[in-house]
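Peer 1: take this sequence and fold it.
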Amino acid sequence: MYRVLTRSALSGTWIIIILALTILPTMVLAQNVFSFAVNNLEAYERSGNWIYDADNTGAGLFFSDGQHFTYNATTPLHYFSEQKVHVGTTPGKETTITCFGSTHPLALDPSLVKLVFEPANEFELVSFRRVNTTNPLLPWAAAGQAGDVRVYSNAKGHIEYNNVPVLFLKNATFEITTPYPTEAALHSIPGFGTWQGDIGSGAFIGTYQTGFGFGDLDMDLSTDPAWTAPFAAADYKIKMSMENIISATSVDKAWFIFTLNVSPATLASNPVNAPLDMNLPFPVIYPFVLQNLEVNLIDGVEGGEAADLSTFYVNEVKQTPDGAFPVALQDKPNKYWQIGTTLSTFKADLLLKASVLDLAKGKNDWTVVTRVIGTNQWYSIPDFVALNLDPLDALMQFVPWDNIIDAWEVKNVQRALEFSLAKPDVPLPVTLASFNATVNSQNLIALAWTTSSETSLRGFKVYYNTSSDVSNASCLTPVIILPDNTSMGANYSFTASDLTEPATYYFWLEAISMDGSSDFFGPISKTISNTDTPAFPSRNLLSDAYPNPFRAGYSSSFKVDLKAGESGEITVYNVTGQVVKTMPVTPGYHTLNWDGKDSKGNSCSSGIYFYKLSSPSLSQTKKLVIIK
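Peer 2: Next up, the predicted model:
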């Protein structure tokens, strides 16, 4: 979607462009819930970020400086991106969206399904960056390799069935990569027959773009669980793929025909964008609280034809980052960040934040890593700067975690990149096999945990809170619980005798190493309902797990009831029958969590697993599924 025509020379002329959009390789295929035929989705306001100039040594223009990769103020032939995409009403090019396929059990007749985008909430350009489409690590301004990546976001809409809205969509976002045209493609435009050299690898017939889309179901409005059920395992996030696109363009608009498939998301995106107030004196702090990132804007120049674009885009992806980490930094968190902007230039300091629940070790053990968006290899900040990929990276610096601001800092960031955290893959001092809570006969909460192995362990501490927030949890064990430090593991118990009021309590276990570093496990929760001695279940029970399927890096929980006088065991098996993990169960009511790890603390691969309750009066097996 780039400007290929001047406003004056080719008014009223149409060029047909065939585009093919594909989903990124990291996106796992999911079953389409709805499929729509989209006709003439309209892109307009072709005054976004600058793309390239019509300057060329073979163009024969008296105002040409011969460099299409540089902005020449003397030429009127500047090409810009479109700022907005919406459902258009241009006569003869009206947008229509028709459902032709549905696997939703409540949408038996696809002809009654409608996708409606709200006119007041259109797709807007929120991030723009020029790239080398052949190798993103190389400079963008390379003959035959130039292109750009755009992020359009902020759209809202809903899906109707039989004219009744049933699913509401928010944060609809698309990321599109476009290669710029070749010499042959430019020769097809009147007035450009003498153009010399390729700009990119694109063509007006058979241009290949890549891209992907995502969004969220608005659960404040999508209130019927029967309709939202297909997206529950994806935390109500959706993926939108576009296929077989055909595009027509005029001097100021473009229209797109394609197939739009809606399915549960396999990428846990958490995007946001915000306009920057460029009238304020620098520096200016912009906190993206829900994305756990803060931007301290030191300098910036607005983008766009009218120099009026100043959006900053942040996407916190809440899952383990793909790609290769540095050899010495193999431990990964369950999140990474992508930043972008419509500013033409900027300089900012970034503060990255993560809770102890996102990390497997103390925060001071972690460092920041970065990579060029669209590439595989992650680098520490010093190693990335040393690559000299872009002059904009030269001043970038890493500041280790600061316990005062509770964040890691990257200074002097000047271009769109991805960031994550990493630490050395040092064996944990303890491998936890189980961590459970029960209410004993004195109506007190009894904690029990079992280790598979212990090495150089100083001991344990227990923390509690009445919410699942560990940041202000209180310590129940000022005197450390001493370990056995045996490679065979050990069993431990602790009774929370200070907690007597009826409430739901959350517990964490801290394992402290001899070197002072620590690991947190939990939370697990237990409720004291009243001051009476709790009754035991009348029968044994094993419930279904939820969520199921669940993503790697997260956990699934299930209830186990065991009547008085019996003891039992939960055993997790893989599809070959191998034992993955065991958890002992005492009489009472329990909610157990499985974090997708085996008894040694290793993450299990995606696939089908079985969890079995073995007790004197009940033996029952159920299925669990891990997805990436």
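Peer 1: got a list of contacts for stretch 382-391?
Peer 2: Around stretch 382-391, the neighbours that count as contacts under CB atoms under 8 Å, 6 or more residues apart in numbering are Leu137, Pro139, Pro326, Thr370, Arg371, Val372, Tyr379, Asp393, Ala394, Met396, Phe398, Arg415. All C-beta spots, glycine's among them, are computed from the backbone N, C-alpha and C.
Peer 1: quick one: low-confidence parts of the protein?
Peer 2: 1-30, 57-64, 203-210, 356-362, 426-428, 531-535 (pLDDT under 70).
Peer 1: all helices of it, in order?
Peer 2: Remark: helices assigned in the chain by DSSP state H are 183-187, 225-228, 381-386.
Peer 1: which one of these has the most crowded surroundings?
Peer 2: helix 183-187 (a mean of 18; mean count of other CB atoms under 10 Å).
Peer 1: send the alpha carbons of that helix over as CSV?
Peer 2: Extracted in CSV, the C-alpha atoms of helix 183-187 (Å, rounded to 0.1, in the frame of the first residue of the first chain):
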residue,chain,number,x,y,z
GLU,A,183,12.8,-0.9,-12.5
ALA,A,184,10.4,-2.9,-14.8
ALA,A,185,7.5,-2.0,-12.6
LEU,A,186,8.3,1.7,-12.7
HIS,A,187,8.6,1.5,-16.5
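Peer 1: so which elements touch it?
Peer 2: Using 3 or more CB pairs under 8 Å, 6 or more residues apart in numbering; DSSP states H and E as the contact test, no helix or strand touches helix 183-187.
Peer 1: roughly how far out does that helix sit from the chain middle?
Peer 2: Mean-position distance between helix 183-187 and its chain equals 38 Å (CA atoms, centre = their mean, to the nearest Å).
Peer 1: start at 15 instead
Peer 2: With the count now opening at 15, the last piece we talked about shows up as helix 197-201.
Peer 1: most centrally placed residue in the protein?
Peer 2: Val331 (2.1 Å; CA atoms, centre = their mean).
Peer 1: quick one: residues contacting it.
Peer 2: Here Val331 is in contact with Leu281, Ala282, Ser283, Asn284, Lys349, Tyr350, Trp351, Gln352 (criterion: CB under 8 Å, 6+ apart).
Peer 1: one more time with 10 Å
Peer 2: 40, 281-285, 305, 348-352, 432, 434 (CB atoms under 10 Å, 6 or more residues apart in numbering).
Peer 1: Tyr520: how many residues sit nearby?
Peer 2: A count of nearby residues for Tyr520, using other CB atoms under 10 Å, gives 19.
Peer 1: excluding chain neighbours, give the residue nearest to it in space.
Peer 2: Pro537 (4.2 Å; CB to CB, 6 or more residues apart in numbering).
Peer 1: that neighbour contacts Ser571, correct?
Peer 2: No - in this structure Pro537 lies outside contact range of Ser571 using CB atoms under 10 Å: 11.4 Å.
Peer 1: shared neighbours, these two?
Peer 2: Common neighbours of Pro537 and Ser571 (criterion: CB under 10 Å, 6+ apart): Asn607.
Peer 1: and the two? Which one has more around it.
Peer 2: It is Pro537, of Pro537 and Ser571, that has more neighbours when counted by other CB under 10 Å, with 22 against 16.
Peer 1: which ones are touching that one?
Peer 2: Pro537 makes contact with 371, 449, 451, 477-479, 481-484, 487, 519-523, 607 under the criterion CB under 10 Å, 6+ apart.
Peer 1: over to Phe339?
Peer 2: Asp345, Lys346, Val383, Arg385, Gln391, Trp392, Tyr393, Ser394, Ser434, Ala436, Lys437, Asp439.
Peer 1: 7 Å instead?
Peer 2: Going by CB atoms under 7 Å, 6 or more residues apart in numbering, Phe339 touches Lys346, Val383, Trp392, Ala436.
Peer 1: and for Ile419?
Peer 2: With contacts defined as CB under 7 Å, 6+ apart, Ile419 is in contact with Leu365.
Peer 1: gap between it and Val413?
Peer 2: 10 Å (CB to CB, to the nearest Å).
Peer 1: shared neighbours, the two?
Peer 2: Between them, Ile419 and Val413 share no contacting residue, judged by CB under 7 Å, 6+ apart.
Peer 1: with respect to Gly579, which of the contacts of Phe339 is nearest?
Peer 2: For those, the residue nearest Gly579 by CB to CB is Lys346; the value is 45.2 Å.
Peer 1: please name the bridge partners of Met597.
Peer 2: In this entry, Met597 is beta-bridged to Ile584, by DSSP bridges.
Peer 1: count of neighbours near it?
Peer 2: Using other CB under 10 Å: Met597 sits among 22 other residues.
Peer 1: ok, Ala510 next?
Peer 2: By other CB under 10 Å, neighbour count at Ala510 equals 19.
Peer 1: and the residue lying closest to it once chain neighbours are set aside, how far is that from Ser543?
Peer 2: Closest residue to Ala510 apart from its sequence neighbours, by CB to CB, 6+ apart: Ile459 at 4.6 Å. Applying CB to CB, the value for Ile459 to Ser543 is 12 Å.
Peer 1: looking at these two, which one has more neighbours?
Peer 2: Ile459 (21 against 12).
Peer 1: does that one really touch Leu513, like I thought?
Peer 2: Yes - Ile459 lies in contact with Leu513 (CB atoms under 7 Å); the separation is 5.9 Å.
Peer 1: what touches both of the two?
Peer 2: Joint contacts of Ile459 and Leu513 (CB under 7 Å, 6+ apart) are Tyr519.
Peer 1: returning to that earlier point: hey, what's the residue nearest to the centre of the chain bridged with?
Peer 2: Beta-bridge partners, per DSSP bridges, of Val331: Tyr350.
Peer 1: so the protein: which segments form each domain?
Peer 2: Following automatic domain parsing, the chain resolves into domains at 32-278, 286-436, 441-548, 550-642.
Peer 1: from Thr381, how far off is Tyr393?
Peer 2: Distance from Tyr393 to Thr381, by CB to CB: 11 Å.
Peer 1: with Ser511 instead?
Peer 2: 41 Å.
Peer 1: same thing with Thr273?
Peer 2: Distance from Thr273 to Thr381, counting by CB to CB: 43 Å.
Peer 1: neighbours of Ile418, how many?
Peer 2: Neighbour count for Ile418, taken as other CB under 10 Å: 5.
Peer 1: oh, I was asking about Asp234
Peer 2: 8.
Peer 1: torsion angles phi and psi at it?
Peer 2: Backbone torsions of Asp234, given as degrees, to the nearest 10, read phi -70, psi -30.
Peer 1: pull the contacting residues for it.
Peer 2: So Asp234 contacts nothing (CB under 7 Å, 6+ apart).
Peer 1: please apply the same query to the one 4 residues further on.
Peer 2: Contact criterion CB under 7 Å, 6+ apart gives Val180 as the residues in contact with Asp238.
Peer 1: how near is it to Tyr175?
Peer 2: 10 Å.
Peer 1: just Gly610 next, same as before
Peer 2: Taking CB to CB, one finds Gly610 at 35 Å from Tyr175.
Peer 1: between those two, which has more neighbouring residues?
Peer 2: Gly610 (23 against 20).
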